[in-house]
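In: make a model of this:
(chains A and B)
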Amino acid sequence: MATYNPREIEKKWRKYWVDNKVYKVTNDSDQPKFYVLDMFPYPSGAGLHVGHPLGYIASDIFARYKRMKGFNVLHPMGYDAFGLPSEQYAIQTGIHPTEATRQNIARYRQQLDNIGLSFDWDREVQTCDPNYYKWTQWIFIQIFQHYYCKDSKKAQPIADLVATFEKEGNVNVNAATSQEAKFSADQWKAMTPKQKDEMLMNYRLGYQKVGFVNWCEALGTVLANDEVKDGVSERGGHPVEKKPMMQWSLRITAYAERLLGDLDDLEWSDSLKAMQKNWIGRSEGAQAFFNVQDTDEQIEIFTTRPDTIYGATFMVLAPEHPLVDKLTTEENKTKVVEYKKYVNSRSERERMADVKEVTGAFTGAYAFNPITGKELPIWISEYVLLDYGTGAIMAVPSDDERDKSFAEKFDLPIIDVVDKSKYPNATLHDKVGVMINSGFLDGMEVPEAIKAANQKIEDMGIGKRRINYKLRDANFSRQRYWGEPYPILFDKDGVAHAVPENELPVQLPILDDFKPTADGQSPLAKAEDWVNEKEGFRRETDTMPGYAGSSWYFLRYMDANNNNEFASKEAMNYWKEVDLYVGGTEHAVGHLMYSRFWHKFLYDKGMVPTTEPFKKLINQGMIQGVIEYIYLKKDKENGKSQFYCADMVKEMGAGNFAKIPVHVDFVQEYGSPKSFLNRESIQKFVAWRPDYADAEFICGNCTYNPSNPPNDGKDCNLVTKSEVGKMSKRYFNVVNPDDVIERYGSDCFRMYEMFLGPIEQGKPWDTKGIDGVSKFLRKFWSLYHDDNNVFTISNEAATKDEMKILHTAIKKVNDDIERFSFNTCVAAFMVATNELKKIKCNKRAILEPLAQLIAPFGPHIAEDLWAKFGNHDNGISVHKVAFPQADESYLKEDSITYPICVNGKKRAEMAFASDASKEDMEAGAKALEAIQQHIEGKTIRKVIVVPQRMINIVAG
RNA sequence: GCCGGUGUGGCGGAAUUGGUAGACGCGCUGGAUUCAAAAUCCAGUUCUCGCAAGAGAGUGAGGGUUCGAUUCCCUCCGCCGGUACCA
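Out: As a prediction, this is how the structure comes out:
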């Protein structure tokens, strides 16, 4: 048998590719372009596990395929090296982030190289490299120096806005802003520099404001909304509280409408589009002002149901609403203060946990319903959120679940305003029904009433139609060391100025003590020499968050070594946008939203040629691992820990046990329902976890004590519990691709990962199945080699059958790569190999194109065989030649075997010439004995003949 | 709750526009080779009845459209992901 030795050939060809710069790509090509991008990794200390390369392999196959199809393919890679994970790792290991990042990148590079990916490494980017973050800072300055004009629907220079203010104030300005009040040119001119600066901050797309931020004490930083999950930090699971702080923000809300609208044209999955839509959270409604009794104050509310205004019986403000203190009457003060204190004491997590419980306090004040004039008591409650809408609502208990339970709890009136009797299945939430008890709206259907109510509100001048978004401006400040420094200087008055372009990059100072500080100050504040600039200027000490560098890196690859611009116009006009982007769903609303926002901003400035950065996007599924647990009894027995068989636990009550994850390497038959620890593996377990050296292991009828093992030669099996879950260090179930590659070779690893199933689907890793692919590769190799492993090929002409096998595979693989169905491509290779092996085909006319066909999947074996055919004499790599094209003429059959059905059920088969007439086929089918049996005595009502497919006789 | 996805043998999965359900692989069973094992090769493997030929059932459940449904429509259930006092 020929021996396939992947270790040898893979090393050889990887060197060849590097030496010959096979994957180098230029920007001046006559070929059409194609840009295939992977989401670049965080170089964390853990390294890659078998789940990470799934997307890289898929995109690599596609990139190689496109390259062979005659495209100039940009397929780059880099590292998202700034940010919390890198810094956390540095703190844990005590190694400086610069050094830790360097080491981690080296390790990642080694692992990536091992997989045989076709990246052009000359274009590598690292977000922590000053030559890179110079441009991150530069783009931030552009964002800082622009505002969003709602008339032209794009970003405009802040200098233009200043000119307008000088001329006429803000009376005619229609901008994305938090500035509601109008001012004149004179008022503007009367402002101090600091006041002007603060006013402009209300308009800038990158601006500073005091806001309630997600403060994480343990991490010593502020987190963005999408870095907080269930009230705790996404990384580390530390508690997060709301805290007012001066922070940089990006006005992403200005782009909400475009971010939403442009989704339609993208080739992204429905679920991903839905996630972005939900995150943007557009809702149409009305803003209205309610006067407050005995004051000049007004309460601004937002509602999507202005039609139900006659049913409004009270108002609710968020406890943190600025009007609360002003409105609260003397006699209600104590209760309100108490309630606010209670709300404040509750963590985000507690608030979410008991959503059902209704709480609140009465302020003692009353507002007037602007339409009915009725008095409405003003309450405060935590179910109204300061962040959303206006932080205040008109409560309509008849048509809102929460208002209803609030009214019931505090005994407030409920007026029915919508008659839903015509819609028995409708819930309170559905906008259907007929208006009642609602004055001029009576008798209208809800959608009509909404329009009428909106019109009335506008006519009366008490409010306006408004579109509200759930999307918040993005917090862009971190009080951390390992990030891009801000290119911002504050003058003596505290006015923010952009650092002049020729002074970029603002380099991150080298600090020995880079740990976060307890008082919330950035560690950079400690670098006094760095902070204090000439002429009394002081540097901003916050750094940018992790997503800053990743919001534009795909542009840098187009022209990665440009020192004059972030990328040249020519480069961007050539590469345009990313044609295929592959990565995980975890970036659905973070990275993908911010990148789209930055890109749209750059588009507004004419700096990029397209409105969207990523045309087609594929989310690879997560590869899961098997988690093996053993059950530890919570109560010790005679001071000893006891582990029990998983099958004994049910009877004894699972609540009495803690599940302890075991290293999967110790477990026998791991992943199966029978998985267990034998005596030997129990010994390994206690050697690994010495704290359990004294424990007893109770397996069925025997008790095993590893510290005092009986010498009876028997064994006992402690049954473990297998679950499918995350592959992670903490479950001791990580499979390292390096180990798999060491054993099977990287071509095998690549093809096995693809063979597991559809790329977008999550699936558990099972190393056992890899033998099938390994076997296939050996068989494939043996097509080209004789029993002594000598490359042996015949130059004889191929037969029709052989050509059919080849071209069937070519067609299948071409079609399936185009639809990203890589698992079925691997199956097609197996089919072709099995068939060729059976007929002992070793003809060049078949095997040479077959080697080309497999090249995107198994690049090393393909290159090796390609070289053996003598093709390297011309210096041409298999990865640079044209991909085989299917010749349909070989696929045509002379005769086709048709299934013949009676009433849709297959009863016989019969072969007909491929050009046989329908009449002949019908007659032939009817004449068959097996068919006769089934139609005997019945009337034939219809015969359906579908050419190339089947024949169906309808009888009855 | 809402939004999106998904459900096929013992397992991973295939069936691209409605046309032979279960490709390919794992696992399992039997056989060949071997002193033995590994490796390799051959045969079988959806379920039920049957020695077999064959018959019946079958793609989460129920219903519908159709000559014909894993595929389209309706109702329901399970699982995965997202999201939530969103006014």
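In: only C-alpha atoms from now on, for both contacts and neighbour counts.
Out: Will do.
In: pLDDT score assigned to residue A:224?
Out: Residue A:224 is assigned a pLDDT of 68 by the prediction.
In: then residue A:687?
Out: At residue A:687, the pLDDT value in this model is 86.
In: for residue A:78, same thing?
Out: In this prediction, residue A:78 has a pLDDT value of 97.
In: return the distance of it relative to residue A:580.
Out: 16 Å (Cα to Cα, to the nearest Å).
In: dump the residue contacts of the closest residue to RNA strand B within the stretch 601-750 of chain A.
Out: Of all residues in the stretch 601-750 of chain A, residue A:725 sits closest to RNA strand B, at 8.3 Å by Cα to the nearest atom of the strand. By Cα atoms under 8 Å, 6 or more residues apart in numbering, the contact list for residue A:725 reads A:624-627, A:764.
In: got it, and residue A:881?
Out: Counting by Cα under 8 Å, 6+ apart, residue A:881 touches A:68, A:852.
In: again, but for residue A:255
Out: Taking Cα under 8 Å, 6+ apart, we find residue A:255 in contact with residue A:597.
In: need the three-state assignment for it.
Out: Secondary structure, DSSP: H, G, I helix; E, B strand; the rest coil: residue A:255 is helix.
In: any idea of the pLDDT on it?
Out: Note for residue A:255: predicted pLDDT of 96.
In: and what of residue A:713?
Out: For residue A:713, the predicted pLDDT is 66.
In: please apply the same query to the one 5 residues further on.
Out: Here, the pLDDT recorded for residue A:718 equals 82.
In: again with residue A:917
Out: In the predicted model, residue A:917 carries a pLDDT score of 83.
In: so how far is RNA strand B from it?
Out: Noted for residue A:917: a distance of 17 Å to RNA strand B, by Cα to the nearest atom of the strand, to the nearest Å.
In: relative to residue A:949, how far out is that residue?
Out: Note on residue A:917: its distance to residue A:949, by Cα to Cα, is 14 Å.
In: ok, now residue A:855?
Out: Distance from residue A:855 to residue A:949, by Cα to Cα: 33 Å.
In: so between the two, which is more surrounded?
Out: residue A:855 (23 against 11; other Cα atoms under 10 Å).
In: skipping adjacent residues, who's closest to that one in space?
Out: Sequence neighbours aside, residue A:862 is the residue nearest to residue A:855 in space, at 5.0 Å (criterion: Cα to Cα, 6 or more residues apart in numbering).
In: assign a three-state SS to whatever residue of the stretch 651-800 of chain A ends up closest to RNA strand B, would you?
Out: Residue nearest to RNA strand B within the stretch 651-800 of chain A: residue A:772 (3.3 Å; Cα to the nearest atom of the strand). Judged by three-state DSSP, the three-state class of residue A:772 is helix.
In: quick one: pLDDT of it?
Out: Looking at residue A:772, its pLDDT reads 93.
In: pLDDT below threshold where in the stretch 51-200 of chain A?
Out: For the stretch 51-200 of chain A, no stretch is flagged by pLDDT under 70.
In: residue contacts, residue A:847?
Out: Per Cα under 8 Å, 6+ apart, neighbours of residue A:847: A:783-784.
In: quick one: secondary structure of it?
Out: Under three-state DSSP, residue A:847 falls in the helix class.
In: again with residue A:945
Out: Judged by three-state DSSP, the three-state class of residue A:945 is strand.
In: doesn't residue A:951 make contact with it?
Out: Yes - look at residue A:945 against residue A:951 with Cα atoms under 8 Å: they come within range, at 4.5 Å.
In: common neighbours of these two, please.
Out: Joint contacts of residue A:945 and residue A:951 (Cα under 8 Å, 6+ apart) are residue A:922.
In: more neighbours: which of those two?
Out: residue A:951 (24 against 18).
In: partner strands of the helix or strand encompassing that one and their direction?
Out: Here residue A:951 sits within strand A:950-955, counting by DSSP states H and E. When pairing is defined by DSSP bridges, strand A:950-955 lines up against strand A:895-902 (parallel), strand A:940-946 (antiparallel).
In: could I get the ones you listed as a markdown table with distance to residue A:489 and mean pLDDT?
Out: Shown next, in a markdown table, are the strands paired with strand A:950-955 (distance: least, Cα to Cα, whole Å; pLDDT from 0 to 100):
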| stretch | distance to residue A:489 | mean pLDDT |
| --- | --- | --- |
| strand A:895-902 | 79 | 83 |
| strand A:940-946 | 76 | 85 |
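In: let's have those in CSV, adding distance to RNA strand B.
Out: Output for these, formatted as CSV (distance: least, Cα to the nearest atom of the strand, whole Å):
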stretch, distance to RNA strand B
strand A:895-902, 5
strand A:940-946, 6
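In: give me the number of residues near residue A:953?
Out: When neighbours are defined as other Cα under 10 Å, residue A:953 has 24 of them.
In: that one and residue A:945, how far apart?
Out: Note on residue A:953: its distance to residue A:945, by Cα to Cα, is 9 Å.
In: and for these two, which residues touch both?
Out: None of the residues lies in contact with both residue A:953 and residue A:945 under the rule Cα under 8 Å, 6+ apart.
In: ok, which stretches of the stretch 801-950 of chain A are helices?
Out: Per DSSP state H, counting those that start in this stretch, the stretch 801-950 of chain A carries helices over the ranges A:822-838, A:844-854, A:859-868, A:918-927, A:929-935.
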